[in-house]
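In: Please find the sequence and the predicted model below.
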Amino acid sequence: MPSGQPLPPKENSLFKRILRCYEQKQYKNGLKFAKQILSNPKFSEHGETLAMKGLTLNFLGRKEEAYEHVRRGLRNDLTSHVCWHVYGLLQRSDKKYDEAIKCYRNALKWEKDNIQILRDLSLLQIQMRDLEGYRDTRYQLFMLRPTQRASWIGYAMAYHLLNDYDMALKILETFRKTQMVSAPFDFEYSELLLYQNMVIQESHGILDAIKHLDMYKENIFDKLTVLEIYGSLYLQMGEYHLATLCYEKLLRRNQENTPYYLKIKEAKQLHNDECVYNMLCGYRKKFPKALAPKRLCLTFASGNTFRSEVDSYLRAGFHKGVPPLFVDLRSLYKNKQKVQIIEDLLKSYVNNLTMFNSFDSEDVSVKEPASALLWVYHYLAQHYDYLDDIQKALTYIDMAIEHTPTLIELFVTKGRILKHAGDVYEAYKWLDEAQGLDTADRYINSKCAKYMLRADLIKEAEETCSKFTREGVSPMENLNEMQCMWFQTECALAFQRLGKWGESLKKCHEVDRHFTEIIDDQFDFHTYCMRKMTLRSYVNLLRLEDVLRSHPFYFRVARCAIQVYLHLHDKPPTDASSSNELDTGNMAPGQLKKLLNKQRKAQRKAQEEKAQALAAQEKRDMHKNRQQVTNTSDEADALPLDELLPEKLERVEDPLEQSIKFLKPLQELASDNIETHLMAFEIYYRKDKLLLMLQSIIRSHRINPDHPMFHNCLIRFMEKLLKFKNIQEEMQLVLNKQLEPILGGRSAAEINSQFLAKHHKSLPALFQGLKMKYKLDNSSQQEVLDQITKLDDSLEDVNIQTCTEILNSLINGEIGEVGHVIEEYRKTCFKRFPLATAFHTDQDRSPMPLWSNSCKTLNETHENCVSN
Amino acid sequence: MSAEPTVNGSGSPEEQTDGVDDVNSKKINKYDSGAADLEKVTDYAEEKEVISTDDISGAMTIIGDRRLKEAADKIAKEKELQKVSIKKSDVELIIREMEISKTLAERTLRECHGDVVEALVALTN
């Protein structure tokens, strides 16, 4: 039974026109027709017209009016499926999917076979990945409209997504038989065939997939894909000769596609590097202009062959001046022998180029351009930087800068070296210098902003970015609008370092919302892809969205948020002023002073900017008002989200629950990363949830039982278990059963001493082991301190980060009262990492030999630039 | 009431054909190249009738049979699970310690034949 308020013919035809206008997005006209019906006093409360008017208003951005009209319409006509449907659509546009589904169900109660409502329901079901519900709805649609293409495709796809390949293939094949090839180039039929083939492959029917291709390849126009499918199918079948032929054909299309060469290697079953090298030499001859085989040769060559190969590769690069040459070759550095060969060659180049202007010392007839030496210096700087020899790296980059003081790449490299040396502040200065040399280069601009954020200069970074953001909008807002995640993540981390917890969380939530938005954005493609028959891409899209939060960008920001929430749990902010209070305990005095200066400056700037922003806001408001008067509006979906307020985020009542929201996606999608489970442990440790701690312990143990932080968690877990009284019997049984394989009956002290014995050479492991040793037995303090502060050359994995952590744990009293040990350890670290600001005091900051040298070059270049 | 509101997508706020919005939308287009293409994604399109009914009667029967079997399987499995008796206190323990929903807790417990230790072992793995 449709409506309780039927309209007479004239009004009814008007109503139909409203619907037509809505479909064609002519919202203004739709409103006109609605007005014509509603202005008649007899129909002023006509439910369906009110509902449609509301829906139309919604798309003009007038959300409140929209809700009012739709609700009023529904109240007036509760038995109308149109009113319910419209209410569902309205909820859907606000992303309230559950509510929308309820509305659709109500609508279907009054009109159970309504195609349009069923279609909309199916869209929500696939969006929510209610795959079984989707299948059922698609079944209904299929039975109602078996003559429509979408009914078949949708129904088959439902089975495909449920991994029921058999059924999916049956439907697809029956459907394919009904398709006449009408046009000579029927692209949609071609895509259908490729989709069918995809399903066959996924059902592990390799042979069937080949037969299918053999039969229909004439009708498929994506020839590249056909060849690639053939190639991979033949490989899987072990038809190596045929596979080789396929990939050789593919190579003729594109000689730069590295994976093709590797596939041929696989097809020819070459397990010996030398044979691969010989094969690659063949292709190099065949495609003399191709770069890919030349580069691949280096990967598979060794010994003297490698020497002569890399020699000519490097010479060509330096002759031409290829800035990313080092990046290109970096993957070879896993092999120590190759590194040595490269280093020897580079040294000889420097020698010969300075003496003879040639790479060779014997044949000096071929003269190189002056820039060759420059690029060799540049390469050497990166080479030594990679090998952690900061001293040499700086020497070579300074030589390069002296050679050519205006080359941007050199400044960037120098900045990177300093960053690795632990001086983010100086690093940023060099990047800023580089940026100044070419303000129109967006790459350098972004790099510079990133280095500023590493140095916690958030305002400055924003200002730098503003050169490329939209005018008239605050850069921070515009970067958010553009989903510029790297920037927001670095901001979050900078705020975290500065102890501005609320600001940091705000950035984390902003990035999280981008991910939600990307998931929401797939909605429109459910209909579009089916209509356009781009089914393979559509299924790939669905699969991508399913694991979207497995992206490293999400991991980084989730980790930051979890750490901040854990901190807020451990040290909740006390009063209003505390948000500006700093975690100064962890900082060297020099750093602190700098920071305070910076803050004062930032405050002043912030005030000025606030005034500016206020003025801008007023302007905008005025503009908005004008817009509303003229009845135009944009920002249809700008309204619904809550505003993120730093003060509120910081004072959240349940930080641990909040952190779990960030943890959940990681547990689901990044479960092979041990950090996920270590973070889970930290959360549940604070919640005293034994079994969830156990879960994290088991999962991290499975990934890497030798991870230092895992060891730390395990010992703390065992300590915690001892403190628990009256553990419920069932839980005790679970704990015993699950811990047995990990503990093997050992006590915490035994596990710890075994761990220390096994990893006595690695500093991060030693640090955690010793920390636990002190925790288990306070009387071992002296012994622990002696070992933990020893930085001799036999130790491995000594880096700035671990040393900083050790220094902080001494300062924070994690090894008890230690007095002068802190200062001594700082000096030890300072000696080892002279540039790292983490180990500086004020005195260290002032002139050092190395330091003044770089300052000089910086000033010189500055003058040079000015004179240029 | 034969015509229905046909909606496929949220649409986009700026309406390009409208005279009043023209200036505005031009400005927007300058920044969002490709916006016009995106707009097309939400266009409405009528489904065409493409298949004659004769071709498909065979397939319809296969699909119908299959549906019946699916429904029967599902019911059988649910019935099997419902037969398992579980203790309320066990469910509560699982919910409290593992922080999962009641449905999932009950389901796991049933799948482990009501053995709470086994269920917890499964959940901590």
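Out: All right, it came through fine.

In: CA atoms of the helix or strand encompassing residue A:296 as PDB?
Out: Assigned by DSSP states H and E, residue A:296 belongs to helix A:292-300. The C-alpha coordinates for helix A:292-300 follow below in PDB (Å, rounded to 0.1, in the frame of the first residue of the first chain):
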ATOM      1  CA  ALA A 292      66.800  -1.400 -16.700                       C
ATOM      2  CA  PRO A 293      69.100  -4.300 -17.900                       C
ATOM      3  CA  LYS A 294      72.200  -2.200 -17.300                       C
ATOM      4  CA  ARG A 295      71.200  -1.500 -13.700                       C
ATOM      5  CA  LEU A 296      70.100  -5.100 -13.100                       C
ATOM      6  CA  CYS A 297      73.500  -6.400 -14.300                       C
ATOM      7  CA  LEU A 298      75.000  -4.700 -11.200                       C
ATOM      8  CA  THR A 299      72.700  -6.700  -8.900                       C
ATOM      9  CA  PHE A 300      73.800 -10.000 -10.300                       C
END
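
In: Counting by contacts, list what that helix packs against.
Out: helix A:258-267, helix A:273-286, helix A:303-320 (3 or more Cβ pairs under 8 Å, 6 or more residues apart in numbering or on different chains; DSSP states H and E). For every residue, glycine as well, the C-beta is placed using N, CA and C.

In: Now tabulate the ones you listed in JSON lines and tack on distance to residue B:100, mean neighbour count and mean pLDDT.
Out: Below are the helices and strands packed on helix A:292-300 laid out as JSON lines (distance: least, Cβ to Cβ, whole Å; neighbours: other Cβ atoms under 10 Å in any protein chain shown; pLDDT from 0 to 100):
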{"stretch": "helix A:258-267", "distance to residue B:100": "42", "mean neighbour count": "18", "mean pLDDT": "96"}
{"stretch": "helix A:273-286", "distance to residue B:100": "51", "mean neighbour count": "16", "mean pLDDT": "95"}
{"stretch": "helix A:303-320", "distance to residue B:100": "56", "mean neighbour count": "16", "mean pLDDT": "96"}
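
In: Please work out the average pLDDT along the lengthiest helix in chain B.
Out: Identified as the longest helix of chain B according to DSSP state H is helix B:57-83. Here helix B:57-83 scores 75 as its mean pLDDT.

In: related to what we said a few turns ago, which residues are contacting the helix holding residue A:296?
Out: A:255-258, A:261, A:273-274, A:276-277, A:280-281, A:283-284, A:287, A:306, A:309-310, A:313, A:328-329, A:331-332 (Cβ atoms under 8 Å, 6 or more residues apart in numbering or on different chains).

In: Check whether stretch A:138-155 comes near chain B.
Out: Yes. With Cβ under 8 Å from any Cβ of the partner chain as the criterion, chain B is reached by stretch A:138-155 at A:139, A:142, A:143, A:145, A:146, A:147, A:148, A:149, A:150, A:152, A:155.

In: Give me the domain ranges for the chain.
Out: Using chain A. Domain assignment for chain A, taken from the TED database, gives A:9-112, A:301-401, A:406-468, A:746-840.

In: if you could check chain B rather than the one you did, that'd help
Out: B:53-83, B:84-124.

In: Serialize those domains to CSV and add fields for distance to chain A and mean neighbour count.
Out: As requested, the domains of chain B are arranged in CSV below (distance: least, Cβ to the nearest Cβ, whole Å; neighbours: other Cβ atoms under 10 Å in any protein chain shown):
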stretch, distance to chain A, mean neighbour count
domain B:53-83, 4, 12
domain B:84-124, 4, 17
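
In: where does the strand or helix carrying residue A:215 sit relative to the chain's centre, distance-wise?
Out: Assigned by DSSP H and E, residue A:215 falls within helix A:206-216. Offset of helix A:206-216 from its chain centre (Cα atoms, centre = their mean, to the nearest Å): 38 Å.

In: any idea which helix or strand comes after it?
Out: Criterion used, DSSP H and E; the element after helix A:206-216 is helix A:223-237.

In: Give me the buried positions along that next one.
Out: A:226, A:227, A:228, A:229, A:230, A:231, A:232, A:233, A:234, A:235 (16 or more other Cβ atoms under 10 Å in any protein chain shown).
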